[in-house]
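Trainee: Predicted coordinates and the sequence they were generated for:
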Amino acid sequence: MADSAPAPAPPSDEYQRSVRAVRALARVSRVVERAGAELNLAHYRVLSAVASGDQRASRLAARLALGKPTISTAVDALCRRGLLLRTEDAEDQRAVALSLTPQGRQLLDEVEAEMIARVAQLCASTPDGDRVIESLAWLGDALDATYPERQQQRRAARGKQER
C-alpha cells in the first residue's frame, strides 16, 4: 500500500469568514446593480467617477481598473443617452473632458437613492447595520488610498514591457 499524503488542514475560521465576506461582496454588487435598473454597474461606475471629479477617460480606466476600450464603449453609450458630455480639455487640447449632463446628474442621483435604499434594507437585517455601512465606506477609502500606488505599479509594468 502506497503512503498517502496527509490530508490538508481544514481552513481556519478566519479564512472561512474571509471567504464568506468576499462571496457576500460579490452578491451584494449584483443586488446593488439590480436596484439601479436604469444603469448597469459599469455605466454607474463611470458616471459616479465623473461626478467625483475624474474627467478624462484614461483616468477613469485606471481608477476603475477597466480597460480603455471598455471605458470608451461605456462613455460612447452614456453620451448617446445624453448622460455624459464630451468637451475639449482646457489643459490638454488632445484630450477630452467628460462631465455629467443635467439628465446624467438626475439619473445618477435617482439610481444612488435606489441603491442606498437596498443596501440600507440589507443592513437592517444585520446585527449592526451602521457598522456595516461604516466598514464599506472604509473599504472605499482604502481603494482610493491605494489608487496612486496601483497607478505607479501599472506605469512600472508598462515600462518593463517597453524595454
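Mentor: Nice, I can see it. Quick caveat: nothing in here was measured; it's all calculated off a predicted structure.

Trainee: Do me a favour and get the end-to-end distance for stretch 77-90?
Mentor: Stretch 77-90 has an end-to-end distance of 24 Å (CA to CA, to the nearest Å).

Trainee: Check which residues of that stretch are buried.
Mentor: Neighbour-count burial for stretch 77-90 flags 78, 83-85 (criterion: 16 or more other CB atoms under 10 Å). Bear in mind the C-beta positions are built from the backbone N, C-alpha and C, glycine included.

Trainee: Helices - which of these land there?
Mentor: L78 (DSSP state H).

Trainee: List just the nearest of the buried residues of stretch 77-90 to G104.
Mentor: Using CB to CB, the shortest approach to G104 within those belongs to L83, at 3.5 Å.

Trainee: For the residue nearest to that closest one when sequence neighbours are not counted, which residues are in contact?
Mentor: Nearest residue to L83, sequence neighbours excluded (CB to CB, 6 or more residues apart in numbering): G104, at 3.5 Å. By CB atoms under 8 Å, 6 or more residues apart in numbering, the residues touching G104 are 47, 50, 78, 82-85.

Trainee: Same list, those, but as CSV with distance to P127 please.
Mentor: Below are the contacts of G104 laid out as CSV (distance: CB to CB, whole Å):
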residue, distance to P127
L47, 33
V50, 36
L78, 39
G82, 43
L83, 38
L84, 40
L85, 44
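
Trainee: Taking the residues you listed together, which two end up most distant?
Mentor: V50 and G82 (14.0 Å).
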